[in-house]
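J.: the sequence and its predicted three-dimensional model are supplied below.
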Amino acid sequence: MLQPATHLSHLSYELRGALPRLADELERQGRHVIRLHLGDPAAHGITAPRAVTDAVRHHLTASCGYGPAQGLPEARAAVAAYYRDRGLTTLEPRDIHLGNGVSELILLALQALLNPGDEVLLPTPGYPLWAAAVHLAGGTPVHYRCDEHADWLPDLADLRAKTSDHTVALVANTPHNPTGAVWPADILHVFADIARQRQLLLLSDEIYAHIVYDTQHTTLAGLAPDLPCLTFGGLSKTHCVPGFRAGWMALSGPHSTTRAYSEAVTLLASLRLCPNTPAQHAIAPALSRIHQTETHLTGPGGILRRRHDAAWEALHDIPGISCTRPHGAFYLFPRIPQGGHDSTFAHTLLREHGVLVAPGSGFHHTETDHIRLSTLADTQQFKEAMHRVAHHVEVAPVGRASSG
Ligand SMILES: Cc1ncc(COP(=O)(O)O)c(C=O)c1O
């Protein structure tokens with residue numbers, strides 16, 4: 001019998017696991033499922049800016065060959081200019097690495113960094129790829145908590161308490177998945193202070209940087225120009241093209257401190273040859289129109305704002321469910337009625353009411369009393385889903401075992 005590697009036993013990615021497979025099966029049986037589990041704007045009919053798709057179409061025939069491992073120079077120049085505008089004044093194209101989505105770059109960044117026994121500080125709840133990538137790179141994830149009673153912001157005392165002599169890196173994620181919290185500058189200053197004192201690499205996942213409502217996003221690296229910092233971003237969310245797999249990471253900080261690490265990342269990037277070439281042509285036109293795109297999505301009347309606000313209202317009306325209002329990204333992370341279990345709740349909701357949500361424990365949340373909902377579905381669909389959730393909450397005795 002063919003056995004998978006033992007170190008994979010630590011890994012999980014429930015967002016594409018048993019529940020979505022059950023949803024596929026129910027649909028094959030003719031059931032209608034409302035899918036609120038993934039952060040894919042395109043799947044909910046939110047279209048990419050025309051300039052982004054046109055750029056790929058225009059360059060398709062000329063993009064059939066392998067490109068440079070680090071990414072196309074013009075795309076890297078555009079990303080460097082974008083971050084220079086955000087305070088990283090010394091950033092150059094050579095400091096930018098392009099990848100097949102942020103996902104690939106997270107794996108590369110940690111593989112290039114970690115030795116056995118190294119610890120990486122990660123938020124809980126948090127996007128599950130980060131912990132998986134630390135494991136795959138041979139390190140140990142150590143979670144610091146984000147506090148629901150403080151708008152889901154990081155608990156700095158817990159973060160300090162979890163820092164040890166083995167810690168080598170500190171991960172931030174703002175706006176945050178799954179809670180939608182937008183971490184303010186004073187919190188990020190403390191991250192920088194801890195990294196400075198402990199000589200840690202800062203890794204900041206800012207893929208939702210342009211999806212904020214009535215608040216400002218702060219780029220962590222801009223507050224710590226003296227420190228090595230990797231900032232991750234891409235086109236999947238703001239530009240609604242997750243299928244293009246276009247992402248980047250910017251390595252800031254004094255070149256004298258980052259040179260060897262950057263060479264290691266380039267070596268690993270060379271082993272996978274290059275990022276998807278056609279999609280990289282979308283990066284410069286996407287970034288040159290970032291303000292228009294942002295206004296279109298999250299400005300007054302913007303499609304993400306409308307859907308997000310309506311989703312919040314619809315969820316808010318359900319007795320027994322409570323939720324901290326998110327200021328960024330496109331998720332809600334509500335607490336389910338007392339005594340409920342997230343996986344049981346999600347399974348029963350899917351099987352009996354045809355609504356697919358993600359259990360909070362899939363985000364390494366230590367408690368099993370939250371679920372994540374994406375707010376991307378059109379408002380009528382979302383309201384219908386909340387109607388079903390309300391019915392589920394009303395009829396399901398707390399803690400009832402799932403029927404499947
Ligand atoms: C916080 C976070 N980081 C990274 C990713 C991966 O993004 P990409 O499509 O660029 O691989 C996601 C996708 O949902 C995410 O939510």
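T.: Received the coordinates, thanks. Numbers count the residues shown, from 1 in each chain.

J.: now stretch 41-52 - C-alpha only, CSV.
T.: Extracted as CSV, the C-alpha positions of stretch 41-52 are listed here (Å, rounded to 0.1, in the frame of the first residue of the first chain):
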residue,chain,number,x,y,z
PRO,A,41,-14.7,37.0,-6.1
ALA,A,42,-14.8,35.6,-9.7
ALA,A,43,-17.0,32.6,-8.5
HIS,A,44,-19.6,35.2,-7.4
GLY,A,45,-19.7,37.1,-10.7
ILE,A,46,-17.4,40.0,-9.5
THR,A,47,-15.4,40.7,-12.6
ALA,A,48,-11.8,41.8,-13.1
PRO,A,49,-11.0,45.2,-14.3
ARG,A,50,-10.9,45.1,-18.2
ALA,A,51,-7.3,46.4,-18.3
VAL,A,52,-6.2,43.3,-16.4
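
J.: quick one: contacts of it?
T.: When contacts are defined by Cβ atoms under 8 Å, 6 or more residues apart in numbering, stretch 41-52 is touched by residues 35, 235, 237, 239-243, 282, 285-286, 289, 292-293, 296-297, 303-304, 330, 376-378. Heads up, the C-betas are built off the backbone N, CA and C, glycines and all.

J.: restricted to buried residues, select these in ChimeraX.
T.: In ChimeraX, this line selects whichever of these come out buried by 16 or more other Cβ atoms under 10 Å:
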select :35,235,237,239,240,241,242,282,285,286,293,297,303,304,330,376,377
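
J.: narrow the contacts of stretch 41-52 to those in strands?
T.: The members of the contacts of stretch 41-52 that map onto strands under DSSP state E are Arg35.

J.: restrict the contacts of stretch 41-52 to those near the ligand?
T.: Applying Cβ under 6 Å from any ligand atom to those, one finds that Pro242 fall near the ligand.

J.: would the host helix or strand of Leu108 count as contacting the ligand?
T.: Assigned by DSSP states H and E, Leu108 belongs to helix 101-111. Yes. Counting by Cβ under 6 Å from any ligand atom, the ligand has neighbours in helix 101-111: 101-103.

J.: and stretch 256-268, which residues are buried?
T.: 258, 261-262, 265-266.

J.: low-confidence ranges in the stretch 1-150 of the chain?
T.: By pLDDT under 70, the stretch 1-150 of the chain has no low-scoring segment.

J.: the ligand contacts on that one?
T.: Counting by Cβ under 6 Å from any ligand atom, the positions of the stretch 1-150 of the chain adjacent to the ligand are 39, 101-103, 127.

J.: export those residues to TSV and append columns for neighbour count and distance to Asp155.
T.: Formatted as TSV, these follow (neighbours: other Cβ atoms under 10 Å; distance: Cβ to Cβ, whole Å):
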residue	neighbour count	distance to Asp155
Gly39	24	25
Gly101	23	30
Val102	25	25
Ser103	19	27
Tyr127	23	18
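
J.: quick one, phi/psi of the residue in the stretch 301-404 of the chain that the ligand sits nearest to?
T.: The minimum distance from the stretch 301-404 of the chain to the ligand, using Cβ to the nearest ligand atom, falls at Ala329 (7.5 Å). For Ala329, the backbone dihedrals (degrees, to the nearest 10) come out as phi 60, psi -160.

J.: pLDDT score assigned to it?
T.: Looking at Ala329, its pLDDT reads 97.

J.: can you get me a residue count around it?
T.: 29 (other Cβ atoms under 10 Å).

J.: so what's it up against?
T.: Ala329 touches 39, 175-177, 180, 208, 211, 237, counting by Cβ under 8 Å, 6+ apart.

J.: repeat that with 7 Å
T.: Counting by Cβ atoms under 7 Å, 6 or more residues apart in numbering, Ala329 touches 175-177, 180, 208, 211.

J.: okay, those residues in a markdown table with distance to Thr368 and neighbour count next?
T.: Output for the contacts of Ala329, formatted as a markdown table (distance: Cβ to Cβ, whole Å; neighbours: other Cβ atoms under 10 Å):
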| residue | distance to Thr368 | neighbour count |
| --- | --- | --- |
| Pro175 | 24 | 27 |
| His176 | 20 | 27 |
| Asn177 | 19 | 26 |
| Gly180 | 20 | 28 |
| Tyr208 | 25 | 24 |
| Ile211 | 28 | 25 |
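
J.: what is the nearest of these to Gln197?
T.: His176 (23.7 Å; Cβ to Cβ).

J.: so that closest one: helix, strand or coil?
T.: With DSSP: H, G, I helix; E, B strand; the rest coil as the basis, His176 sits in coil.

J.: before we move on, what's the pLDDT of it?
T.: 98.

J.: which parts of the stretch 151-300 of the chain are strands?
T.: Along the stretch 151-300 of the chain, the segments classed as strands by DSSP state E, counting those that start in this stretch run 153-154, 167-173, 201-205, 229-234, 246-252.

J.: output the contacting helices and strands for the third one.
T.: So that's strand 201-205. Applying 3 or more Cβ pairs under 7 Å, 6 or more residues apart in numbering; DSSP states H and E, we find strand 201-205 packed against strand 167-173, helix 220-223, strand 229-234.

J.: which parts of the stretch 201-350 of the chain sit against the ligand?
T.: Residues of the stretch 201-350 of the chain found near the ligand (Cβ under 6 Å from any ligand atom) are 205, 207, 234, 236, 242, 247.
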